[in-house]
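Chemist: Predicted model follows, preceded by the sequence.
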Amino acid sequence: MNPAVKIKKLSSGITVLAEEMPLVHSVAVGFLTGFGSKHERDFPGGIAHYVEHMLFKGTLKRSKADIAEQIDAVGGRINAHTSKEYTSYFAVVLDEHFTLALDILTDMYLNSAFDEAEIELERNVILEEIKMYEDAPEEKIHDLAFQNIWDGHILGRPIIGTEKSVRQIARADILACLKSFYTPDNTLIAVAGNVRADEVFQQIEARFDGFRGKVREYQELPVAIVPGIKTVKKDTEQAHLCLSTKGVAYSSNDRFTLSLLSSILGGSMSSRLFQKVREQKGLVYSIYTYPTFYQQAGLFTLYVGTQLKNARQVLDLSLKELTLFKQNGVTPTELQRAKEQVKGHLVLNLEDSASRMSWLLKSLYNYGKLSTVEEIMQKVDRVTGDDIQRLATEIFIKEDLQLTAIGNFTKSSFFQNLDC
């Protein structure tokens, strides 16, 4: 572990991580609670995202305007993010304003008012956000792909919820979620920047004195792939396609293998799909692949946006590339380039206090431990071409392919016979 990182479990049960970065002039503070959309089985869909919004709408001593103005007054920024597995809140300020940032986030986390009038106002905001996604098929397609391939499983539900589920959320539901999941043993706090770890631990310990509770037990059900073809008719300029298949979980030894596979196949401008379908054929503007990792599941997805008349040809070309990937593997040049890309992105994305703070939170939450950048790079370097070809043959199979498409299709049978 990086010697600049210190970890301490407070008397309340909260785990705190602090990374001392004396050469920067900023501090990033982040709170993570293990409550995302996958934990909503007994609650209306979208409530984790709703709670995230509400923490910015005023506390017992700060109005929502106060929260925004106090951060703006010191040139900082504050935001939050809800995922399928967790919700995070963070602030980034100059190092001299660390205490203010910590005080605001703590106040939001422990003392939000959840005023009924604000709840109703925010309901309208979230409903508008849902409508915005409905009008953006290039965004909506990814949620639909998850819903289709994990049909019936809670991981397939949209994080934001639906119009129906959001209208059902009441203040009592929000308070029940807080009691069930916003607990010390389900909370991580990370601070990175020009701070002293001992001071960080002391300040957080004092602010969370008296914070009590135990997280509600959660049993995740097994995830099963549902293959098939689903099209959504919509009057759009382009057809939007997501071809998905099974991936791997965070804990899998194949996590870096899949990342390299994605980089070679469709993760950059030099990737096979980008070069073949866009540069050589001129059939698309946007084509890319990406892996999605969760604690007990994962997906691999190919996205394409193209004219309706080209959609079938683009899909066929993409399926052919998957077949070639299985048959021929990767070249030494492709493998080395992909490794340098993955390592480069890793290092370049950890150059400031905010990214370091996020790295600490997600690493401990997803893996239960912290790894150094050097350790991750060594794992990337150990992946072989045979590893990638073997994984390709395991995930690129007809029985696991799910195609989701949005476009002005005249027939539901526009796409047929997925195979690779």
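Modeler: Structure's in. What do you need?
Chemist: what about stretch 328-346, distance to the chain center?
Modeler: 23 Å (CA atoms, centre = their mean, to the nearest Å).
Chemist: List of residues touching it?
Modeler: 256, 259-260, 263-264, 267-268, 270, 373, 376-377, 380-381, 383-386, 388-389, 392 (CB atoms under 8 Å, 6 or more residues apart in numbering). Any C-beta I mention is one placed from the backbone N, CA and C, and that applies to glycine too.
Chemist: So which of those sit within strands?
Modeler: Among the contacts of stretch 328-346, none falls in strands (DSSP state E).
Chemist: what about burial for those residues, which qualify?
Modeler: Taking 16 or more other CB atoms under 10 Å as the criterion, what is buried in those is 256, 259-260, 263-264, 267-268, 376-377, 380, 383, 388-389, 392.
Chemist: Tabulate those (JSON lines), appending pLDDT.
Modeler: Formatted as JSON lines, the buried ones among the contacts of stretch 328-346 follow (pLDDT from 0 to 100):
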{"residue": "Phe256", "pLDDT": "97"}
{"residue": "Ser259", "pLDDT": "97"}
{"residue": "Leu260", "pLDDT": "98"}
{"residue": "Ser263", "pLDDT": "97"}
{"residue": "Ile264", "pLDDT": "98"}
{"residue": "Gly267", "pLDDT": "95"}
{"residue": "Ser268", "pLDDT": "93"}
{"residue": "Ile376", "pLDDT": "93"}
{"residue": "Met377", "pLDDT": "95"}
{"residue": "Val380", "pLDDT": "97"}
{"residue": "Val383", "pLDDT": "98"}
{"residue": "Ile388", "pLDDT": "98"}
{"residue": "Gln389", "pLDDT": "98"}
{"residue": "Ala392", "pLDDT": "97"}
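Chemist: Now distance to Leu144 too, for those residues, in JSON lines please.
Modeler: Shown next, in JSON lines, are the buried ones among the contacts of stretch 328-346 (distance: CB to CB, whole Å):
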{"residue": "Phe256", "distance to Leu144": "28"}
{"residue": "Ser259", "distance to Leu144": "24"}
{"residue": "Leu260", "distance to Leu144": "27"}
{"residue": "Ser263", "distance to Leu144": "25"}
{"residue": "Ile264", "distance to Leu144": "26"}
{"residue": "Gly267", "distance to Leu144": "22"}
{"residue": "Ser268", "distance to Leu144": "25"}
{"residue": "Ile376", "distance to Leu144": "32"}
{"residue": "Met377", "distance to Leu144": "36"}
{"residue": "Val380", "distance to Leu144": "32"}
{"residue": "Val383", "distance to Leu144": "32"}
{"residue": "Ile388", "distance to Leu144": "29"}
{"residue": "Gln389", "distance to Leu144": "30"}
{"residue": "Ala392", "distance to Leu144": "25"}
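Chemist: Pick out whichever of those residues sits closest to His39.
Modeler: Using CB to CB, Ser259 comes nearest to His39 of these, at 26.4 Å.
Chemist: wait, doesn't that closest one sit right on Pro291?
Modeler: Yes: judged on CB atoms under 8 Å, Ser259 makes contact with Pro291 at a distance of 6.1 Å.
Chemist: Grab the nearest non-local neighbour of the most centrally placed residue in the chain.
Modeler: With the centre of the chain defined as its mean C-alpha position, the nearest residue by CA atoms, centre = their mean is Ser83, 5.4 Å away. Counting by CB to CB, 6 or more residues apart in numbering, Ser83 lies nearest to Gly36, which is 5.0 Å off, once chain neighbours are set aside.
Chemist: For that neighbour, report the pLDDT, please.
Modeler: pLDDT recorded at Gly36 is 98.
Chemist: dump the residue contacts of Ile67.
Modeler: 56, 58-59, 78, 104, 108.
Chemist: before we move on, what about Leu273?
Modeler: Contacts of Leu273 by CB under 8 Å, 6+ apart are 265-266, 287-289, 302, 318, 321.
Chemist: For Asp316, see how far away Thr323 is.
Modeler: Taking CB to CB, to the nearest Å as the measure, Thr323 falls 11 Å from Asp316.
Chemist: quick one on the thing from earlier: mind putting the contacts of Ile67 into a markdown table with pLDDT?
Modeler: As requested, those are exported to a markdown table (pLDDT from 0 to 100):
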| residue | pLDDT |
| --- | --- |
| Phe56 | 98 |
| Gly58 | 98 |
| Thr59 | 98 |
| Ile78 | 98 |
| Ile104 | 98 |
| Met108 | 98 |
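Chemist: Please pick the buried ones from those.
Modeler: Buried, going by 16+ other CB under 10 Å: 56, 58-59, 78, 104, 108, out of the contacts of Ile67.
Chemist: what about the residue nearest to Asn79 when sequence neighbours are not counted, is that helix, strand or coil?
Modeler: Excluding its sequence neighbours, the residue lying closest to Asn79 (CB to CB, 6+ apart) is Phe90, at 6.3 Å. Following DSSP: H, G, I helix; E, B strand; the rest coil, Phe90 is assigned to strand.
Chemist: Check the one 3 residues further on too.
Modeler: Recorded secondary structure, Val93: strand (three-state DSSP).
Chemist: Please apply the same query to Phe300.
Modeler: Secondary structure state of Phe300, per three-state DSSP, is strand.
Chemist: where does it land on pLDDT?
Modeler: For Phe300, pLDDT reads 98.
Chemist: and what of Met1?
Modeler: pLDDT, Met1: 66.
Chemist: how close does the spatially closest residue to Phe146 that is not a sequence neighbour sit to Leu144?
Modeler: In this structure, Phe146 finds its nearest non-sequential neighbour in Gly156, 5.0 Å apart by CB to CB, 6+ apart. Separation of Gly156 from Leu144 (CB to CB) stands at 10 Å.
Chemist: Sounds good, over and out.
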